[in-house]
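Student: From the sequence below, what's the structure:
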Amino acid sequence: MSVPVGIIGLGTYFPSQIETAADLVARTGIPEEVLRDKMGIRQRHVAGANDSVSEMASRAAQMAIAEAGIRPDQINMVISHGSEHKDHVVWNAAGKIQYNVGAVNAYAFEMYALCAGAPIAMNIASSMMQADPALNYVLLAAGSRENDLINLQNPRSRFMFNFGAGGGAMVLQRKATRNLILGASAFTDGSLSETVMLTTDAIPDGSAEIIGDVHGRLDVRNADYMAERLGETSLPNFTRVIREAVEKSGATLADVAFIGLVHMKRSFYLEILSALGLKPEQGIYLEDYGHVQSVDQALALQLGLQQGKIKPGDLIVLAGAGTGYTWSAICVRWG
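Tutor: Just a heads-up that it's a prediction; the model follows:
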């Protein structure tokens, strides 16, 4: 019999600086109503000088630990699943997060699946906790400020114009009695593995080639192939991993009460919900935050609770997709 693992703490952190759709018109050349209504960018948070990835993840983690009602020194493991565009290159952000929050008895490591990272990190942590009796409390934390790496004049990176900055975290408990993690699924289409990369071609005119330790900007290579391939596969792959996660949980799609999806353009978000038989009120559209990489799922869960969309006993699904290209989903029985 598997050991139950559940979520006992949630936290998010977002920088105070905000950019609205109107603020982005001049830099993108896109009308405000298109940015807002089609691309889903009503506003987004932008990181300040002190909002490093580890700092934002740590602030969110401190809130999650406080909500969990445990001491930081009770945490046995820390997993960072945030942005690879972090404080330093070739560097373990998890160690800095562990130090920042005071989890002095934990070990820390990173796992990286871009915007599909949160469900995969939850599944990894849950599996490890079931196998290892010493892992009573585990902290998952992520931060992202990848909007730094977007040239808003580059039409090839238009689908990344919604990137925002922030941090998210969860505390998991072994032998939990509430908010239990259930089935999970993920799938990768490696034919898209080199479609989104840093290139020097995407650097804005007159801008420095290097930001911190990063050389270049995020760009799309072979945009026609990426558009064609994702057009054929993204919806089937989203529904595939969500359906598989639900079935592994001993349920059906008709049992799903709430879904927390990664942020995307509004039309595709609604298309996914429709394909799953869900209504817009059964999810959270993150138009006031933008896409904050693998922070999106913790944020959607937190907002769903705040807005009364998640009730005790509800089956919820958290799902994402990240360039590479990986789709992931995991189920939680809330309450």
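
Student: pull the helix or strand with minimum mean pLDDT from the chain.
Tutor: None of the helices or strands of the chain scores lower by mean pLDDT, DSSP states H and E than strand 210-211, at a mean of 83.

Student: name the helices or strands packed onto that strand?
Tutor: Counting contacts by 3 or more Cβ pairs under 8 Å, 6 or more residues apart in numbering; DSSP states H and E, strand 210-211 packs against no other helix or strand. Every C-beta, even on glycine, is put in place using the N, C-alpha and C of the backbone.

Student: Quickly list the domain ranges of this protein.
Tutor: Domain assignment for the chain by automatic domain parsing gives 5-177, 182-333.

Student: which one of those domains is the most hemmed in?
Tutor: domain 5-177 (a mean of 21; mean count of other Cβ atoms under 10 Å).

Student: How far off centre is that domain?
Tutor: Here domain 5-177 is found 7 Å from its chain centre; the criterion is Cα atoms, centre = their mean, to the nearest Å.

Student: can you check stretch 215-227 too?
Tutor: Counting by Cα atoms, centre = their mean, stretch 215-227 comes out at 21 Å from the chain centroid.

Student: what pLDDT, on average, does stretch 178-185 get?
Tutor: Mean pLDDT, stretch 178-185: 98.

Student: tell me how far it is from the chain's mean position?
Tutor: Put simply, stretch 178-185 sits 17 Å off its chain's centre (Cα atoms, centre = their mean).

Student: Please save the CA atoms from that stretch in CSV.
Tutor: What follows is stretch 178-185 as a C-alpha-only set of coordinates in CSV (Å, rounded to 0.1, in the frame of the first residue of the first chain):
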residue,chain,number,x,y,z
ARG,A,178,-5.4,16.0,3.4
ASN,A,179,-4.8,17.4,-0.1
LEU,A,180,-3.4,14.1,-1.3
ILE,A,181,-1.3,13.8,-4.5
LEU,A,182,-2.6,11.1,-6.8
GLY,A,183,-1.8,10.0,-10.4
ALA,A,184,0.6,11.8,-12.7
SER,A,185,1.6,11.6,-16.4
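
Student: Contacts for that stretch, please.
Tutor: Stretch 178-185 has contacts (Cβ atoms under 8 Å, 6 or more residues apart in numbering) with 4-8, 119-120, 122-123, 126, 172, 240-242, 244-250, 315, 328-335.

Student: next helix or strand past the helix or strand containing residue 61?
Tutor: Taking DSSP states H and E as the definition, one finds residue 61 inside helix 53-68. Once helix 53-68 ends, the next helix or strand along the chain (criterion: DSSP H and E) is strand 77-80.

Student: Sheet partners, orientation included, of that following strand?
Tutor: Partner strands for strand 77-80, per DSSP bridges, with pairing direction: strand 107-110 (parallel), strand 137-144 (parallel).

Student: what does the average pLDDT come to for it?
Tutor: 98.

Student: helix, strand or coil for the residue positioned nearest the centre of the chain?
Tutor: Residue closest to the average C-alpha location in the chain (Cα atoms, centre = their mean): residue 294, at 1.7 Å. Assigned with DSSP: H, G, I helix; E, B strand; the rest coil, residue 294 falls in the helix class.

Student: which ones are touching the residue lying closest to it once chain neighbours are set aside?
Tutor: Once flanking residues are discounted, residue 294 sits nearest to residue 117: 3.5 Å by Cβ to Cβ, 6 or more residues apart in numbering. Counting by Cβ under 8 Å, 6+ apart, residue 117 makes contact with 81, 82, 111, 142, 293, 294, 320, 322, 328.

Student: so which of the residues you listed would you say is closest to residue 300?
Tutor: Distances from residue 300 to the contacts of residue 117, taken as Cβ to Cβ, are shortest for residue 320 (9.9 Å).

Student: Is that closest one within a helix or a strand, and which one?
Tutor: Secondary structure from DSSP H and E places residue 320 in strand 315-322.

Student: partners of that strand in the sheet?
Tutor: Short version: by DSSP bridges, strand 315-322 pairs with strand 256-261 (parallel), strand 326-333 (antiparallel).

Student: now that strand, how far from the centre of its chain.
Tutor: The chain centre lies 9 Å from the centre of strand 315-322; the measure is Cα atoms, centre = their mean.

Student: For stretch 307-327, list the C-alpha coordinates in CSV.
Tutor: Extracted in CSV, the C-alpha atoms of stretch 307-327 (Å, rounded to 0.1, in the frame of the first residue of the first chain):
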residue,chain,number,x,y,z
GLN,A,307,-11.8,32.5,-5.2
GLY,A,308,-13.8,29.6,-3.7
LYS,A,309,-13.4,27.5,-6.9
ILE,A,310,-11.8,24.6,-5.0
LYS,A,311,-13.8,22.8,-2.2
PRO,A,312,-13.1,19.9,0.1
GLY,A,313,-13.3,16.6,-1.8
ASP,A,314,-12.7,18.1,-5.2
LEU,A,315,-10.4,16.3,-7.7
ILE,A,316,-8.1,18.9,-9.2
VAL,A,317,-5.6,18.7,-12.0
LEU,A,318,-2.4,20.7,-12.4
ALA,A,319,-1.0,20.7,-15.9
GLY,A,320,1.7,22.4,-17.9
ALA,A,321,3.8,22.2,-21.1
GLY,A,322,7.4,23.3,-21.6
THR,A,323,9.5,23.8,-24.6
GLY,A,324,11.6,20.8,-25.3
TYR,A,325,8.7,19.8,-25.7
THR,A,326,7.1,18.2,-22.6
TRP,A,327,3.5,18.0,-21.4
